[in-house]
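Q: kindly return the folded structure for what I paste below:
(one chain, ligands or ions: 1)
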Amino acid sequence: MIAAVHALLGATLARLCDTRTQAALIGGASHALADMLPHRDLDLPEEGFLLAGALTLICTIKGADSREFAGALGAVLPDLENLVGRVRGVPDEKLLLPTHRHLHGPKTRNYLPQLALAGLGLVILFLPDAGREDYPRRGTSSR
Ligand SMILES: [Zn+2]
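A: Predicted structure coming up:
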């Protein structure tokens, strides 16, 4: 799965959490599930560029101390293994995480499902957070 999509998925799911620790853990769990879906991976330069953009966006919108950013980091962290593996030329079957080896989803040529997932994550990130103090309440006024 494209790392930026992992980040957006983790940030989206983090909105269900009360703490950054929960958010990071659910992000990590989402990584495993997303890696099992059919997907297409990118080359390292494209992965790095898109990931930097996604993390910068999440950090700008929600803040570096937000649940969303913690969820994004938790979701991306497992792919450090892929990064090290690619840089050092380690074959997929020698990687440690099961979803990077035998439980990895089939490789496809289609980016559309990942783009749809990323787009949905972006929309949800921009929605107001109903559980937070800054959420506008019906019938209340700031006057
Ligand atoms: Zn992965």
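
Q: from here on, just use CA atoms for contacts and neighbour counts.
A: OK.

Q: now residue 39. Its backbone dihedrals?
A: phi -160, psi 170 (degrees, to the nearest 10).

Q: the one 3 residues further on now?
A: Dihedral angles of residue 42 (phi, psi; degrees, to the nearest 10) stand at phi -110, psi 170.

Q: can you tell me how far it sits from residue 102?
A: 19 Å (CA to CA, to the nearest Å).

Q: equivalent analysis for residue 36, please.
A: Distance from residue 36 to residue 102, by CA to CA: 9 Å.

Q: these two: which is more packed in?
A: For residue 36 versus residue 102, the count of surrounding residues by other CA atoms under 10 Å is larger for residue 36: 17 against 12.

Q: and residue 96, what pLDDT?
A: We have a pLDDT of 89 for residue 96.

Q: for the chain, which spans come out with low pLDDT?
A: In the predicted model, the chain carries pLDDT under 70 at residues 130-143.

Q: contacts only, for the residue positioned nearest the centre of it.
A: The centre of the chain sits closest to residue 7, judged by CA atoms, centre = their mean, with a distance of 2.0 Å. For residue 7, the contacting residues are 27, 51, 54-55, 71-73, 75-76, by CA atoms under 8 Å, 6 or more residues apart in numbering.
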